[in-house]
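> Fold the following, please.
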Amino acid sequence: MPRPILSLTKKYMKAPKNVTISKEELTVPLIDQYYFETKDKIEGLCRLLDAEIDGKLIIFCRTKKGVDDLAIALGSRGYMAEGLHGDLSQTQRDRVMKKFRDGTADILIATDVAARGIDIDNITHVINFDIPQDPESYVHRIGRTGRVREMSPDEFSGILTVGGTILGTKRTPFKKMRVVEEDKVDKVAAMKKNYRAAKLDCLLCLGGNGTHKTANLLSQEGLNIIGLPKTIDNDIYGTDVTFGFHTAVDIATEVIDRIHTTAGSHSRVMCIEIMGNKAGWLTLYSGIAGGADIILLPELPYDIKKVAAAVENRAKAGKNFSILAVAEGAFSTEEAKMKRKEWTAKRAEAGYTTATARIAKQIEEMTGAETRICVPGHMQRGGSPSAYDRVLATQFGSYAAGLVADEHYGVTVAMVNRHVTANPLADIAGKTRGVPGDCDMLNVARAMGISLG
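Model (predicted):
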């Protein structure tokens, strides 16, 4: 308090009390911040864009209508601007982000929620066309990594059809959770501190095996935790299905469908690598749905001689192509006798980065058939969720909300025999649900004449 004001309080007030309010520093000194006063915001913005800014930038508006209006206004003035908000479909969002990444558009106009999760390295400026409602939102906009803030219900509008995370979150591998690295941060202690600083009643952890191991760790540390099984691998122990899996099956199946065209036209053997390092559910389901002739899974080490024989048998039967659905974690019967380090080293020495590359080469050498590889990769993880996954995620989310209301923590939501329930985190953390040898779908595949190697 300035001394003149302090002297006045002592002169005219009876026994005044001096109250000091300390506040956590929300901003960061490495970011230059300026403000401009203008009577016409759009004209002022255009002058700023013309005179001061060279590079990619994000302009924040408070509402979806504000985003649309500003995008139209800037577009009519010749600026390469695109709008991003919650009413866009996943396809429209992807199109906008592609333009922003490749430079077709150098201005992105967005709402706070729509901009979360954007991973663009060369953004040089952030403009607050509309002032945010709270300091935390302002800090998030200008680049601070701390992202805890209270959200309003309208910010969740339109996200049912959107894939990914609107929060832009990611996790640290579980094996590094207890490791203090160069940044000198005790991760577990930091998470507990942030949990309490944010005054959370509960933390809901959506993810796969790694996420659930960390969720269990935090639960054991005394935090109120609820897990939800979200992974395309469908390998969370204790649940019949995870959300994200069926969407990935649809995408992988479409890849196999499209490969049929080129395989048949050019008489080729096509090896398609499907995601799934330890569990083969995605490969098994998409392989059957897409009409693959050979399906190779991590749970069933393959014999390359049997694989080559299956290709040759199809050729003898007049089939001019073969399609293999290969899980990225598939390995041979010979590799099954080795330790993981041994067979990975052997692959590296031979110059093979994936099992699919080696299998394709071996088939070509053993059969003489022209062989090609297709790796759809992270395409299987993106896009708009399927109707099935939207319903399943809604079921799980609704059930989780009930668990929060009942203060039932230390569990993860599951689907068992078509009924939603919950399993203790301690019972499922660190366990993988692979394709069992007696799985009905394996019998279906065999009955359809599909080779499993």
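
> and the spatially most central residue of the chain, backbone torsions?
Nearest residue to the geometric centre of the chain (Cα atoms, centre = their mean): Gly164, 4.6 Å. With angles defined as degrees, to the nearest 10, Gly164 sits at phi 80, psi -160.

> helices or strands up against the helix or strand encompassing Val391?
Element membership for Val391 (DSSP states H and E) is helix 387-405. When contacts are defined as 3 or more Cβ pairs under 8 Å, 6 or more residues apart in numbering; DSSP states H and E, helix 387-405 sits against strand 225-229, helix 245-266, strand 411-416, strand 419-424. Placement of C-beta: from N, CA and C, glycine included.

> what residues does the very next helix or strand once past the last one touch?
By that I understand strand 419-424. Later in the chain than strand 419-424, the nearest helix or strand by DSSP H and E is helix 425-428. Helix 425-428 is contacted by residues 212, 215-216, 219-220, 225, 227, 236-238, 410-412 when judged by Cβ atoms under 8 Å, 6 or more residues apart in numbering.

> Could you rerun that using 6 Å?
Applying Cβ atoms under 6 Å, 6 or more residues apart in numbering, the external contacts of helix 425-428 come out as 215-216, 219, 227, 237-238, 410, 412.

> Distance of Asn194 relative to Leu223?
Per Cβ to Cβ, to the nearest Å, Asn194 is found 10 Å from Leu223.

> Among these two, which residue is more densely surrounded?
Leu223 (18 against 13; other Cβ atoms under 10 Å).

> neighbours around the residue nearest to that one when sequence neighbours are not counted, how many?
Sequence neighbours aside, Tyr195 is the residue nearest to Leu223 in space, at 5.5 Å (criterion: Cβ to Cβ, 6 or more residues apart in numbering). By other Cβ under 10 Å, the residues close to Tyr195 number 19.

> cool, and the one 4 residues further on?
Residues near Lys199, counting by other Cβ under 10 Å, number 8.

> Assign a three-state SS to it, would you?
coil (DSSP: H, G, I helix; E, B strand; the rest coil).

> what residues are up against it?
Counting by Cβ under 6 Å, 6+ apart, Lys199 has no contacts.

> how about the helix or strand bottoming out on mean pLDDT in the chain: buried residues?
In the chain, no helix or strand scores lower on mean pLDDT, DSSP states H and E than helix 135-142, which sits at a mean of 72. Under the neighbour-count criterion of 16 or more other Cβ atoms under 10 Å, helix 135-142 has 136-142 buried.

> Stretch 37-49 now?
Buried residues in stretch 37-49 (16+ other Cβ under 10 Å): 45-46, 49.

> do stretch 191-208 as well
191, 195, 203-208.

> ends of that stretch, how far apart?
Stretch 191-208 stretches 19 Å from its first residue to its last (Cα to Cα, to the nearest Å).

> distance between that stretch and the chain's centre?
Distance, stretch centre to chain centre, for stretch 191-208: 19 Å (Cα atoms, centre = their mean, to the nearest Å).

> average pLDDT across that stretch?
Per-region confidence: stretch 191-208 scores 87 on mean pLDDT.

> Equivalent analysis for stretch 311-329, please.
Here the average pLDDT along stretch 311-329 is 91.

> end to end, how far does it reach?
Stretch 311-329 end-to-end distance (Cα to Cα) = 21 Å.

> who's in contact with it?
Contact partners of stretch 311-329, identified using Cβ under 6 Å, 6+ apart, comprise 263-264, 267-278, 280, 283, 287, 292-298, 356, 363, 367.

> Looking at these, which are in strands?
Within the contacts of stretch 311-329, residues falling in strands by DSSP state E are 269-274, 294-296.

> all strands for the stretch 101-250 of the chain, in order.
107-110, 123-128, 203-207, 225-229 (DSSP state E, counting those that start in this stretch).

> got the ones you listed as JSON lines, with distance to Lys64 columns?
Rendered in JSON lines, the data for the strands of the stretch 101-250 of the chain read as follows (distance: least, Cβ to Cβ, whole Å):
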{"stretch": "strand 107-110", "distance to Lys64": "10"}
{"stretch": "strand 123-128", "distance to Lys64": "17"}
{"stretch": "strand 203-207", "distance to Lys64": "25"}
{"stretch": "strand 225-229", "distance to Lys64": "28"}
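
> Check those for me: which has the lowest mean pLDDT.
Among the strands of the stretch 101-250 of the chain, strand 123-128 scores lowest, with a mean of 84.

> what angle do it and helix 135-142 make?
150 degrees (axes from the mean of the first three to the mean of the last three Cα atoms, to 10 degrees).

> Any buried residues in strand 123-128, and which?
So for strand 123-128, counting by 16+ other Cβ under 10 Å, buried means 125-128.

> Could you do stretch 283-293 as well?
283-290, 292-293.

> what does stretch 99-116 give?
Going by 16+ other Cβ under 10 Å, stretch 99-116 has these buried residues: 99-101, 105-116.

> and which of those residues is nearest Lys17?
Asp112 (38.4 Å; Cβ to Cβ).

> follow-up on the earlier one: select from the buried residues of stretch 283-293 every entry located in helices.
Secondary structure from DSSP state H places 283-290 of the buried residues of stretch 283-293 in helices.

> Using CSV, please lay out these together with distance to Ile256 and pLDDT.
Shown next, in CSV, are these (distance: Cβ to Cβ, whole Å; pLDDT from 0 to 100):
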residue, distance to Ile256, pLDDT
Thr283, 10, 95
Leu284, 12, 95
Tyr285, 11, 95
Ser286, 6, 95
Gly287, 7, 94
Ile288, 10, 95
Ala289, 8, 94
Gly290, 3, 93
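
> which among the residues you listed gets closest to Ile373?
Thr283 (14.9 Å).

> how deep is the closest residue to Thr394 other than its chain neighbours tucked in, by neighbour count?
Of all residues beyond its chain neighbours, the one nearest Thr394 is Leu160 (7.7 Å), with distances taken as Cβ to Cβ, 6+ apart. For Leu160, the neighbour count with other Cβ under 10 Å is 11.

> ok, and what's touching the helix or strand containing Glu349?
Glu349 is part of helix 340-350 when elements are defined by DSSP H and E. Applying Cβ under 6 Å, 6+ apart, the contact partners of helix 340-350 are Glu335.

> Check stretch 357-369 too.
Applying Cβ under 6 Å, 6+ apart, the set of residues contacting stretch 357-369 is 269, 271, 304, 308, 311-312, 352, 371, 373.

> Show me what counts as buried in the helix holding Glu349.
Buried residues in helix 340-350 (16+ other Cβ under 10 Å): 343, 347.

> mind checking how far Ala400 is from Asn216?
16 Å.

> what's the answer for Pro132, then?
Distance from Pro132 to Asn216, by Cβ to Cβ: 36 Å.

> on that earlier part again, looking at the buried residues of stretch 99-116, which are in helices?
99-101, 112-115.

> rewinding a little: make TSV from the helices and strands packed on helix 387-405 and add distance to Ala405 to it.
As requested, the helices and strands packed on helix 387-405 are exported to TSV (distance: least, Cβ to Cβ, whole Å):
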stretch	distance to Ala405
strand 225-229	11
helix 245-266	27
strand 411-416	14
strand 419-424	13
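
> Nice, that's everything, thank you.
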